[in-house]
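A.B. asks: Have a look at this prediction, sequence included:
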Amino acid sequence: MTMQDMLNDPLANIILMHADDKLMLGHIQSDWTGLAPILEEDIAASSMSQDDLSHALVLYEYLGKRFDLGTDDIAFERDAINYRCCDLITTPDEFDWAVALTKRWLVATFTALGLDRLATIDDGDLAARCKRLIPEQAIHVTHLTAWMIRLGSGTDESKARMQTAVDTLSASAGMMFEVPESLVETYCGRDELFTQWHTAIMDTLTQAGLSATITLPENSAVGGRRGVHADHFTQQQSEMTEVRRTEPAPAW
Amino acid sequence: MVSRAHIDAALADVPDPELPVSIVELGMVCGVDINGDDVDVKLVPTYTGCPALPMIERDVRAKITAVQGVESCTVSWCYEPAWNPDRITEPGREKLRAHGVTTTGCCGGGQSTVELTTSALACPYCGSSDTRLDSAFGPTRCRSIYFCDGCRNQFEHIKPVTS
C-alpha cells in the first residue's frame, strides 16, 4: 500500500476532504490563541482549534491503518496537489474576528453533515471514529451558531461587520462542495448535502438578520479539493510543515 | 502467572493528570487482556483532543510493567464503546463533586446537537439549581464552566457528549 493507493481510493478522498479541512482550519485559527476578543472566546477558539487538529488525527489514523501509512506522513508529506482541503479555509482573515468566526461556522456546519454521512458507511472502525467526533463537532456548531446570531443581532457596528464578513466569504463558500477529481464518477448526494447545509446556514443567517447568496459550483469546477490551491494555501502549508522539513524526526 | 487483581489495582492507581480521580473511576478502561507475561490494555479517550492522553498512556505502561510477572504492556485507544459521562463510577462522581465538578448522565441518543444550556444543574457547593452556562469551553476539553447564582460560585461540569 502506498500514498498513491490512498489518493486513488474514492472513500479515502472524502475522508481526506474533511481531515484536510480540519488540519488547515486548526492550524490557521490557532493564530487567535491569546488574541480573541474576550477570555472565554480565546479559550473557545483555542479549544476548537485543538479539536480540529485532533479530529484530523483521528481520521488520518484510520487512513493510516487502512493504507499502512504513518499519520504524520499523511498529514505533512503530501505535495500541495494532493491536499483535498478547500481554499475557503486558508483565506487569510487578517485578524478580523467576524471573518474568523464566520469562516469557522460555515466549515463546521459542513463538517458536521459530512461526519454524519461517514458514520453510516459500513465500516465499524470508521463509524466508531465518526460517532466519537460527531458530539464534539456539534458543540462547535452550537457555539458558533449562537455567536453568529448574537453578533448579527447586536449593535449596528457588529451587524455591519458580520454582514461584510458573510459577503466576503459567501463568494467562495460553495467551493466546499467541489468534487475531487477521483470522485466525479462515483460521488452522489452532493446536491442533497448542499441543500441540507444551505438550509442550516440560511436559517441561522435569518435569525441573525444577515443575508447571503451561496451557490453550488458546477461539477467541473476546479479548486482546492482537486489540488489546485491558491497561494495562501501554499503559504500556510509551508509554514505548517517548516519544523518537520527542518528536522524530519524530532524527539520532543 | 500475572494476576488480574494486581493489574486492576495497578490501573486503579493511574490518576487523571487534571482531576482527583483515577482513569478507572473515569470509565476510561474498556478492556484488559493478559496473555502470559504480556498485558494489553484498551482505553477510551474522554475527549479526542485531550492533551493528557499520551501522559495517561505512559503512566499505564509504567504501572502495568511494574506488576509482578509482567514482561510487556501494550496500550491502545479505541472508539467503541464511545466514552460518555455515564461511564464515571459512583465514587468517581463523589470525588468530582467534592472538587467542584458536576456530572450527569449522557443526554439521550440520536440527537445532532448537544444541548448545553437548558437543564439546570445542581451547584456542587450549595445545591441550588439557579445555575447557568458561562462557557461551553472550560479549562480542559471535557469540561464546561457554569455559574451558580445561588452562592455566586463558578463550577465546572463534565460535558455530556454522546452521539
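C.D. replies: That came in fine, so what should we check first? Treat the numbers as computed from the prediction; the structure is a model and nothing was measured.
A.B. asks: Residue A:26 touches residue A:56, doesn't it?
C.D. replies: Yes. The pair residue A:26 / residue A:56 is scored as a contact, 6.6 Å apart, by Cβ atoms under 8 Å. C-beta coordinates here come from the backbone N, C-alpha and C atoms, glycine included.
A.B. asks: and those two? which has more neighbours close in?
C.D. replies: residue A:56 (25 against 22; other Cβ atoms under 10 Å in any protein chain shown).
A.B. asks: residues touching the more buried one, list them.
C.D. replies: Counting by Cβ atoms under 8 Å, 6 or more residues apart in numbering or on different chains, residue A:56 touches A:19, A:20, A:22, A:23, A:26, A:75.
A.B. asks: Give me every residue in chain A that's in contact range of chain B.
C.D. replies: A:40, A:43-44, A:47-48, A:50-51, A:53-55, A:57-58, A:112, A:116, A:119, A:124-125, A:128-129, A:131-136, A:138-139, A:141-143 (Cβ under 8 Å from any Cβ of the partner chain).
A.B. asks: Okay, and which of those map to strands?
C.D. replies: Among the residues of chain A next to chain B, the subset assigned to strands under DSSP state E is empty.
A.B. asks: Pull out the buried members of the residues you listed.
C.D. replies: A:43-44, A:47-48, A:50-51, A:53-55, A:57-58, A:112, A:116, A:119, A:128-129, A:131-136, A:138-139, A:141-143 (16 or more other Cβ atoms under 10 Å in any protein chain shown).
A.B. asks: on that earlier part again, got CSV for the contacts of residue A:56, with pLDDT too?
C.D. replies: Converted to CSV, the contacts of residue A:56 look like this (pLDDT from 0 to 100):
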residue, pLDDT
A:19, 98
A:20, 98
A:22, 98
A:23, 98
A:26, 97
A:75, 95
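A.B. asks: Which one of those residues is nearest to chain B?
C.D. replies: residue A:26 (9.3 Å; Cβ to the nearest Cβ).
A.B. asks: Would it be right to say that the closest one lies in a helix?
C.D. replies: Yes. When classified by DSSP: H, G, I helix; E, B strand; the rest coil, residue A:26 is found to be part of a helix.
A.B. asks: got the contact list for the spatially closest residue to it that is not a sequence neighbour?
C.D. replies: Among residues not flanking residue A:26 along the chain, residue A:52 sits closest, at 3.2 Å (Cβ to Cβ, 6 or more residues apart in numbering or on different chains). If you count contacts by Cβ under 8 Å, 6+ apart, residue A:52 has them with A:22, A:23, A:25, A:26, A:29.
A.B. asks: For these, work out which two are farthest apart.
C.D. replies: Within these, A:23 and A:29 form the most distant pair, 11.3 Å apart (Cβ to Cβ).
A.B. asks: Quick check, residue A:200 in contact with residue A:109.
C.D. replies: Yes. With contact defined as Cβ under 8 Å, residue A:200 reaches residue A:109; the gap is 5.5 Å.
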